[in-house]
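Colleague: I would like the atomic coordinates for the input below:
(chains A and B)
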Protein chains: 2
Amino acid sequence: MGRQEILSRLAQRNGRRIVLLVLDGVGDLRTDAQPRTALDEARTPNLDRLASRSSLGRLVPAGTGITPGSGPGHLALFGYEPTSPETDIGRGVLEALGLGLDIAPGTVVARGNFATVDGEGLLTDRRAGRLPGAEGRRICARLASRIEAAGDALGDVAGNGIEVEVHPGEAYRFVLLFRPRAGTPPLGAELADTDPQRLGVAVPPVQAAGDAGEAAARGTAARIAPAVAALQAELRDEERANSFLLRGFSKLPALPGVGELHRLRAAALAGYPLYRGVAKVCGMEIVDCGGSFGQVLDRLEERWDDFDYFFLHVKGTDMAGEDGDLAAKVAAIESVDALLPRLLDLGPDVLAITGDHSTPAPMEAHSWHPVPLLLRSENCFVDECSRFTEVEASRGAIGTIPASDLMGLLLANAGKLAKFGA
Amino acid sequence: MGRQEILSRLAQRNGRRIVLLVLDGVGDLRTDAQPRTALDEARTPNLDRLASRSSLGRLVPAGTGITPGSGPGHLALFGYEPTSPETDIGRGVLEALGLGLDIAPGTVVARGNFATVDGEGLLTDRRAGRLPGAEGRRICARLASRIEAAGDALGDVAGNGIEVEVHPGEAYRFVLLFRPRAGTPPLGAELADTDPQRLGVAVPPVQAAGDAGEAAARGTAARIAPAVAALQAELRDEERANSFLLRGFSKLPALPGVGELHRLRAAALAGYPLYRGVAKVCGMEIVDCGGSFGQVLDRLEERWDDFDYFFLHVKGTDMAGEDGDLAAKVAAIESVDALLPRLLDLGPDVLAITGDHSTPAPMEAHSWHPVPLLLRSENCFVDECSRFTEVEASRGAIGTIPASDLMGLLLANAGKLAKFGA
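Modeller: Take a look at the predicted model:
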């Protein structure tokens, strides 16, 4: 019996509220060049006071040495095994969620790069000279007009066609959505990237993935390829973006939601679309809010009575880490600390503060390092840690556990799990 | 290859003796209201001295956040994966083991509640007004007479009947045993509870579990239902206990014993029937003894030459925890400490002291928190821990490991495991 199944069998509702506050990328490093982490450096009187009444520990996001993206990082915090095939959120879908698009189940999504080909159709630039965003938006608008003008006819194959949608992303990136028309068979996502990953070769058509491809995937490829070819043809007279590459064909994973699994009424309060999107995939209700912790708290206070599980997301820590800006990361942590009393005043029965992964400033990127965790509840073991830092957390009562174990720990602390066996 | 299979392949006999001393529910909490645990508070000169020559660590009974019952808690300590379906000890069987009944393989056991129905047979009290024990015993005796009077005829269906036995439990509870008569097919245990879990409805007959039920389960239901109906009818003129509900139909799990798995001659010295029962399911020989640690030691000394693995059980720590009585828990620990020299004088080659789960006094219940472990052997790593407490154990050389890993660690320390691979 898998852990999720066990938790699911033991789930019991009660009135207690759980708050999971994710400081994105909060974990950092002590290195030769940076002897203290952002959490070491930050002045955090409120977090310190809370830490001295809490259990500390560390979460391993996706396995020792594995650096997770934001998708798996959050899936693990929400109780899903992030490296299982069932929880795989494809790159196309993740990109679309990051753009705030509402993807229906059954829609196939691909991430696109505008690219440049020469007169013979051979690839000369896989990113079209890193096209600026305005150009990318103009070209997307051109593709959208082409789609609209074509109506049902865009690459339609014997009436078995598809609906296509294009959405601009950052710079040279965009997203294509493919939906089966009403009454046509569903689409599969087992399609190969059309990015040959090298120059001097032609851009291949959309094809089924794998050596031969399953019959269903070949059927999907046959329906999508003509529409993609028609859009490619539309760009032939563009100077730089006269072609494009597609990667990460994918559909929404069919995950059981946290409501179904754990009998939670769960809300996500996140300023950035990607995190809202991942939360939605996990069955949470999205509460619109701005990106600052203050704005998150405004909405939390308003909706406190409506849910018993709240996922709060703070982006500033990760952004500062990605920029390699330790001072900005310290400031992001201190601004959370300053507002922490507002969260505590609500009286959450269980409060966890952690990250979805580390984003150490010296690395300017996500990393594999364990992330500090603070857990406060009536029945947490109050250990001897007096600050919320990486080093203190490594000595805490919770120990170092997989991030996907956190959900069970939160439920246990909230009294939402019955005893296992007699 | 599963861990148990690996251990089993590596098993080698030698003359060394392992003692596993389980202080039931010994783990406790530091909380706002209870800043020190029972182990923190207890004066334990002998345990302290032992701790300073031992490895400490922590055991997670059944997975992070999962609170185990006594069955899974002990199965894990004996080396079984406690959340696997194969090790599931059903509630009927566990209740029977707790009453000290000797259950043969193939016997189906159900846990019963005496209940009250109105003139139309609709349930008005699921516990018959929480009937006192004397009444429960009287009614069980009445049912036993009915069974005896019926002889082979009790609910017999075309000679394909069963033998029935009734045993009183605490208050309104009892146990029914169903055995196939010699020469009849085996009985299955996939039977639905006859407890509708609400009032105002009729008590259903015994039926196969699941939507339709497998043919074998329907066959079992058809053989058991008439006997149960006959016993229900016998009680019709009782004032309060004029009906009963059955739950947790189950058979003994068919576990390979620790002798077979690990080439151990294993003995269980436990004062309470439940723990003896679980040990017996795991193939241990039961050594009768009283419930005090002194009585356990008396028998241990007598039987020291007969076995190479001894499971010793102390109940007082758990009882005090369940009562929320920190002082009693401290006293229970101190009384073990006082007698510890007798155990050490026997010279066990490997000695582990731990719990099957935590029973924190502030919670008055089992909990999910990791349990401290002390392990002493010639080749244990003597770490820097100087006391057997939760906090010291969290810093010990063994780290925090699944409880089901303990058996392998004990065997290794006893030199009873060959090298894996060349």
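
Colleague: residues touching A:G63, list them.
Modeller: A:G63 makes contact with A:T83, A:P402, according to CB atoms under 8 Å, 6 or more residues apart in numbering or on different chains. Where C-beta positions appear, they are placed from N, C-alpha and C, glycine not excepted.

Colleague: a strand runs through it, doesn't it?
Modeller: No. Assignment of A:G63 by DSSP: H, G, I helix; E, B strand; the rest coil gives coil, placing it outside any strand.

Colleague: State the distance from it to A:A202.
Modeller: 38 Å (CB to CB, to the nearest Å).

Colleague: Can you check the pLDDT for the closest residue to chain B within chain A?
Modeller: Of all residues in chain A, A:G408 sits closest to chain B, with a separation of 3.3 Å (CB to the nearest CB). For A:G408, the pLDDT comes out at 98.

Colleague: same check, this time on A:L373
Modeller: For A:L373, pLDDT reads 98.

Colleague: Roughly how far does it sit from B:S292?
Modeller: Taking CB to CB, one finds A:L373 at 42 Å from B:S292.

Colleague: So which bits of the stretch 51-200 of chain A are right by chain B?
Modeller: A:R53 (CB under 8 Å from any CB of the partner chain).

Colleague: quick one, helices of the stretch 51-200 of chain A?
Modeller: A:70-77, A:91-98, A:133-150 (DSSP state H, counting those that start in this stretch).

Colleague: about what we covered before: any idea how far B:V60 is from the residue of chain A closest to chain B?
Modeller: From A:G408 over to B:V60 (counting by CB to CB), the distance is 11 Å.

Colleague: next one: A:R240
Modeller: 57 Å.

Colleague: Same question for A:W304.
Modeller: Counting by CB to CB - A:W304 and B:V60 are separated by 33 Å.

Colleague: the more surrounded of these two?
Modeller: Shown here are A:W304 and B:V60; by other CB atoms under 10 Å in any protein chain shown, B:V60 has more neighbours (24 against 15).

Colleague: pLDDT weak spots in the stretch 201-350 of chain A?
Modeller: A:211-213 (pLDDT under 70).

Colleague: let's go with 90 and repeat that
Modeller: A:209-220, A:254, A:272-273, A:291 (pLDDT under 90).

Colleague: so where do the strands sit in it?
Modeller: A:243-250, A:266-269, A:285-286, A:309-314, A:350-354 (DSSP state E, counting those that start in this stretch).

Colleague: mind putting those in a markdown table, distance to B:Q207 and mean neighbour count included?
Modeller: Formatted as a markdown table, these follow (distance: least, CB to CB, whole Å; neighbours: other CB atoms under 10 Å in any protein chain shown):
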| stretch | distance to B:Q207 | mean neighbour count |
| --- | --- | --- |
| strand A:243-250 | 45 | 24 |
| strand A:266-269 | 37 | 24 |
| strand A:285-286 | 39 | 15 |
| strand A:309-314 | 37 | 26 |
| strand A:350-354 | 40 | 25 |
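
Colleague: TSV for those, including distance to A:F388?
Modeller: Formatted as TSV, the strands of the stretch 201-350 of chain A follow (distance: least, CB to CB, whole Å):
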stretch	distance to A:F388
strand A:243-250	36
strand A:266-269	21
strand A:285-286	28
strand A:309-314	14
strand A:350-354	7
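
Colleague: Rounded mean pLDDT for stretch A:186-193, please.
Modeller: The model assigns stretch A:186-193 a mean pLDDT of 92.

Colleague: so which helix or strand takes in A:I401?
Modeller: Counting by DSSP states H and E, the element that carries A:I401 is strand A:399-402.

Colleague: May I have the phi/psi pair for A:F420?
Modeller: phi -90, psi 120 (degrees, to the nearest 10).

Colleague: Pull the contacting residues for it.
Modeller: Neighbours of A:F420 in contact, by CB under 8 Å, 6+ apart: A:I6, A:L10, B:A62, B:I66, B:T67, B:P68, B:G69, B:P72, B:P82, B:T83.

Colleague: Go through those residues and give me the one with the most neighbours.
Modeller: B:P72 (31 neighbours).

Colleague: Verify the stated contact: it with B:E81.
Modeller: No. Applying CB atoms under 8 Å as the test, B:P72 and B:E81 come out as separate, 9.5 Å apart.

Colleague: Could you pull out the residues contacting both of these two?
Modeller: B:T87.

Colleague: quick one: contacts for the spatially most central residue of chain A?
Modeller: Nearest to the mean C-alpha position of chain A, by CA atoms, centre = their mean, lies A:G71 at 3.1 Å. By CB under 8 Å, 6+ apart, the contact set of A:G71 is A:P82, A:I89, A:L94, A:L274, A:V278.
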